[in-house]
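Asks: Please find the sequence and the predicted model below.
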Amino acid sequence: MDSIWTKSDLGQVPTPSQVLNRARLGYLSTNVSPSNHGSIRGTLVLIFLVLLFVVSALAVPFAKSESGVATVTVPGTPQTLAYDSAKGEVFVVDLGPRGSVVSDTTNTVVANFTLPAGSIPQGAVYDAGKGEIFVADSGNAAVSVISDSTNKVIANVGVGGTPDGLAYDSAKGEVFVANGLDDTLSVISDSTNTVVATVTLPTGSSPQGLAYDPAKGEVFVADNGADNVSVVSDSTNMVVANVLVVGTPTGLVYDTGKAEVFVNNYGEGLSVLSDANNAVVANIALPAGGSVGAIAYDPAKGLVIVGNYMSNTITAVSDSSNKIVANVTVGKAPYDVAYDSGKGEVFVADSGDSSLSVVPDSAFSSTVSSTSTTSTTASSQSAATTVSSSATTATSVTSFSSTAAQSSSASSTSGAVPVFPYQVLAAVVFTFLLAVSYLLIRQRTSFGSPGRPGAPPSKTS
């Protein structure tokens, strides 16, 4: 057999069979060092790995999930929100007393407005029929009316003591106002901006939140002082039912998809009321977090959104299963929430940050959800107790116009949640793998294996 490589070959012309054997083993020329091939290959691999690392290092920190949360800076301490569907704007009221108007297209403040001196703003509601925002002013026992075309206060309407929650009755063109100190509701006509009726609630009710049920023509009232929800007919302006709930009701929202009312019982979860029989049909436990009563309904997703003041989160509850489907981190001390039907987003008043969190409702299906809590069927607790009272009063309107600073500067910054939030760990692991890969290539280049490029010539007889 011809040897592949012997001392006698050195300096001699190899035979054809030796050339073929050497070619088969990778030695195509006795004048080229086999280690050169390994060095070039190792260098190319190293360059590729370095480029891959650079791209990953740059991409990971900026990666955003579909549920990126945006942040809008606003003046003061945002307390109350109202979404204006006609203008695609969110009215933000703080304790200034003042407010801001935020465009949902740009997530920037486009105007500011000022409330009357001494105002302590509470609830706010949008009147789609008139293009106006009604704001409860507990400091002046009044309701301020703001035009969304001028962003100015155009009227102040005197109501009962300590007005808080409001609800817009689209069928009647009226705004219901909860007077916490008086245990009454004031009914304001939006055509005249005057009080046209007063509804007497059970003694000790201390009404807070309100929700309008367009299917039944009723207003649901969170009786904060009585652990009760009163149901008021908008045709008679009288209480037609009282429903006992498990805790201290603060806020409510009407679910158009299920014809139900969700009641936020401060610190004790949600109660679900059927408007068909005015009875509790389920109770839902919420995560600990000190909800102050803020609650909104997302009709596109069939979700009820609750702000958790102490835990800096909002919770989404499915109205089909009555279970929690997601918790989303927002800014500090979320106080109020409002659903933007035009953009499919939830605006959150972060009272501890002087900002709004803007959460797309896709976040509620793409974030890691908490363990769903099983709703418990509640026994019918409806007491069809009718409390009469239809004292109708008329209050003169004091017209008020204030100067509003327009086009205030604001900032909108993205606060997107990364898909993979451990960028530093990713960089360390990637660097380690890169180093190991490079060392293995160098070792292979230096020593190789028999019959491979970079291996010392073998000797066979």
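Replies: Alright, I've got the coordinates. Residues are numbered from 1 along each chain as shown.
Asks: Just the buried positions in stretch 250-267, please.
Replies: Across stretch 250-267, burial judged by 16 or more other CB atoms under 10 Å covers 250-255, 258, 260-266. Glycine gets a C-beta too; all of them are placed from N, C-alpha and C.
Asks: Kindly check the end-to-end length of it for me.
Replies: End-to-end span of stretch 250-267 (CA to CA, to the nearest Å): 10 Å.
Asks: With stretch 200-207 instead?
Replies: 11 Å.
Asks: buried ones in it?
Replies: Along stretch 200-207, the positions that meet the burial threshold by neighbour count (16+ other CB under 10 Å) are T200, L201, P202, S205, S206, P207.
Asks: swap in stretch 142-162?
Replies: Residues of stretch 142-162 classed as buried under the neighbour-count rule (16+ other CB under 10 Å) are 142-148, 151-160, 162.
Asks: model confidence over that stretch, on average?
Replies: Computed over stretch 142-162, the mean pLDDT rounds to 98.
Asks: got it, and stretch 167-181?
Replies: Taken as a whole, stretch 167-181 has an average pLDDT of 98.
Asks: Please apply the same query to stretch 318-338.
Replies: Per-residue scores along stretch 318-338 average to 95.
Asks: need the strands for the stretch 201-350 of the chain, in chain order.
Replies: Counting by DSSP state E, counting those that start in this stretch, the stretch 201-350 of the chain has strands at residues 207-213, 218-223, 228-233, 238-244, 249-255, 260-265, 270-274, 279-284, 295-298, 303-308, 313-318, 323-329, 334-340, 345-350.
Asks: Which one of those lies nearest to R98?
Replies: strand 345-350 (13.9 Å; CB to CB).
Asks: That closest one pairs with which strands, parallel or anti?
Replies: According to DSSP bridges, the neighbouring strands of strand 345-350, each with its direction, are strand 334-340 (antiparallel), strand 355-360 (antiparallel).
Asks: Would you mind giving those as a markdown table with mean neighbour count and distance to A211 added?
Replies: As requested, the strands paired with strand 345-350 are arranged in a markdown table below (neighbours: other CB atoms under 10 Å; distance: least, CB to CB, whole Å):
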| stretch | mean neighbour count | distance to A211 |
| --- | --- | --- |
| strand 334-340 | 24 | 13 |
| strand 355-360 | 25 | 21 |
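Asks: Serialize the ones you listed to a markdown table and add fields for distance to T106.
Replies: Converted to a markdown table, the strands paired with strand 345-350 look like this (distance: least, CB to CB, whole Å):
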| stretch | distance to T106 |
| --- | --- |
| strand 334-340 | 13 |
| strand 355-360 | 11 |
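Asks: Where does the prediction get shaky in the stretch 301-450 of the chain?
Replies: Filtered on pLDDT under 70, the stretch 301-450 of the chain yields the residue ranges 366-431, 434-450.
Asks: The stretch 1-150 of the chain now?
Replies: Flagging of the stretch 1-150 of the chain using pLDDT under 70 yields the residue ranges 1-46, 48-67.
Asks: And the strands in it?
Replies: For the stretch 1-150 of the chain, the strands defined by DSSP E, counting those that start in this stretch cover 69-73, 78-84, 89-94, 98-103, 108-114, 121-127, 132-137, 142-147.
Asks: surely I305 meets Y339?
Replies: Yes. Contact criterion CB atoms under 8 Å: I305 and Y339 qualify, at 6.9 Å.
Asks: who touches both of these two?
Replies: Common neighbours of I305 and Y339 are listed as A296, Y297, D298, V346 (criterion: CB atoms under 8 Å, 6 or more residues apart in numbering).
Asks: In contact with the first one, which residues are there?
Replies: Going back to what we said before, that points to A296. When the contact criterion is CB under 8 Å, 6+ apart, the partners of A296 are V253, V304, I305, V337, A338, Y339, V346.
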